[in-house]
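Q: This is the structure alone, sequence omitted:
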């Protein structure tokens, strides 16, 4: 039904509060809901003139800005399917996605993104200026292979090998995810959201952007994470901030380097983190820094971001990812590697589950059964209060000396050291066994030594869980969301591994 489309959320805001502030961005744009609608409609007309038809795909190389939001809504208003891609990816990565998605046209957010400008030049894109701002456009291959019915967006997930996976999310998926985000945050039209999570990824797209449009609040769009700018930005009227664990860790380290223990905001009322085990001491530190409860959540692209989320009061020692969101069912399948005694693969079902992978029915069938259960690939357990605890990835499980080692548990201990910003733990096959490798980003000037960290870990973890090798670094390879790219660690630090 037409009223179930994402663009109808915008239409509702235009009808109710046309002159209220909808978007701000780094270009100085300050758009009302009416401005956004006018920009989207004008850009939609231009896309039609360029040959875009309903159900065609439009690949958009994005860094967060108002023009990118206009492009998304332009596609939705004319019935096209946007394929948002982070412009900071390499040309090779972009080309692989474009070859698979076969878009009718490609758009580039050149006004805010040097990387998008580079890709635009590589693709011989032409400038496309209008009330939406500055973009560039190029023709694509545009085949007629259809997406699933009602597809609102195709999001390509970060993969380690093989062909890209395009997750098809429906209009119903996005509206479901946005509505649940509004509910658990208690969002109102008076909120001001800090939007630094990339809208090319499901967390930023659904839980931030579409949620903001759903409730009619203001969204301040930031093109990329810069710790100093984000630290200052969060103190200027922001009420809601959602980030990934690495963002929170870097913000606290930045404050500490300036001799500050708190963010110092009088308006911030809600802060959340992505799915990661929270050490109780680290959580208390984060809550003291922000001055509000730190809510933890769990989700993935295939589940339109949300599966479970906490609703805890300040100081609550709970370190789970919370109970299932309303309308979401959870099951634990213990019959998997690393499963047993209540631990197993997390399965989810509900209105948040994707319709499938574009052009990949085999991969779809591997994770989504006929009864609608999504295999997440994550290991978890439920406690006696119905709260979900994530203990690791099925494929990242390390078996060392015959014992199961869950990397998030080791990472949580490492990250709790005051001299550590963040850590990543992986396994490596060695002489018929797997060894535990730790890659550690150190707080600048902290002077942490390996012997000190080994002693710290030895007090907190049994022997078989302790890393055998430590690699110290100023930074770790990460996606634009801040998520550590574990599959790149060995290659990036090959010269420091024996």
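A: Received, thanks. The shown structure was predicted, so the numbers you read here are calculated from the model rather than taken from an experiment.

Q: Please name the residues that touch the nearest residue to residue 292 once chain neighbours are set aside.
A: Residue nearest to residue 292 in three dimensions, not counting chain neighbours: residue 271, with 5.6 Å by Cβ to Cβ, 6 or more residues apart in numbering. (Glycine included, C-beta is placed from N, CA and C.) Going by Cβ atoms under 8 Å, 6 or more residues apart in numbering, residue 271 touches 240, 241, 242, 243, 248, 286, 290, 292, 293, 294, 295.

Q: which of those residues has the most neighbours?
A: Scoring the contacts of residue 271 on neighbours with other Cβ atoms under 10 Å, the highest-scoring entry is residue 241 at 27 neighbours.

Q: where exactly do the helices run in the stretch 301-450 of the chain?
A: Counting by DSSP state H, counting those that start in this stretch, one finds helices in the stretch 301-450 of the chain at the ranges 361-367, 407-415, 450-458.

Q: In which helix or strand does residue 288 reside?
A: Assigned by DSSP states H and E, residue 288 belongs to helix 280-290.

Q: So what touches the very next helix or strand once past that helix?
A: On the C-terminal side of helix 280-290, the closest following helix or strand by DSSP H and E is strand 294-298. Residues outside strand 294-298 that contact it (Cβ under 8 Å, 6+ apart) are 184, 248, 270-276, 278, 283, 286-287, 306-312, 319-322, 378, 388, 390.

Q: you'd agree residue 96 is up against residue 90?
A: No - in this structure, residue 96 is not within contact of residue 90 by Cβ atoms under 8 Å, at 9.6 Å.

Q: between those two, which one's more packed in?
A: When residue 96 and residue 90 are compared on other Cβ under 10 Å, the one with more neighbours turns out to be residue 96, at 16 against 10.

Q: Quick check: pLDDT value at the more buried one.
A: Per-residue pLDDT puts residue 96 at 90.

Q: Going forward, count from 29.
A: Will do, 29 is the new start, and the previous item becomes residue 124.

Q: mind checking how far it is from residue 150?
A: Between residue 124 and residue 150 the distance is 14 Å, computed by Cβ to Cβ, to the nearest Å.

Q: Residue 49 now?
A: Taking Cβ to Cβ, one finds residue 49 at 36 Å from residue 150.

Q: Could you identify the longest helix within this structure?
A: helix 61-77 (DSSP state H).

Q: for residue 435, what are its contacts?
A: 420, 421, 424, 426, 452, 453, 454, 455.

Q: okay, now the closest residue to it other than its chain neighbours: neighbour count?
A: Once flanking residues are discounted, residue 435 sits nearest to residue 453: 4.0 Å by Cβ to Cβ, 6+ apart. Counted by other Cβ under 10 Å, the residues lying close to residue 453 total 26.

Q: Which strand residues bridge residue 453?
A: Under DSSP bridges, the beta-bridge partners of residue 453 are residue 466.

Q: pLDDT score for it?
A: On the pLDDT scale, residue 453 gets 93.

Q: Could you list every helix and strand in contact with the lowest-mean-pLDDT helix or strand in the chain?
A: Least confident helix or strand, the chain: strand 431-433 with a mean of 78, by mean pLDDT, DSSP states H and E. Contact here means 3 or more Cβ pairs under 8 Å, 6 or more residues apart in numbering; DSSP states H and E; on that basis strand 431-433 packs against strand 426-428.

Q: tell me the average confidence for the strand it packs on?
A: On average, strand 426-428 scores 83.

Q: Repeat that for stretch 386-405.
A: Here the average pLDDT along stretch 386-405 is 95.

Q: still on that earlier bit, would you confirm that the residue nearest to residue 320 belongs to a strand?
A: Yes - under DSSP: H, G, I helix; E, B strand; the rest coil, residue 299 falls within a strand.
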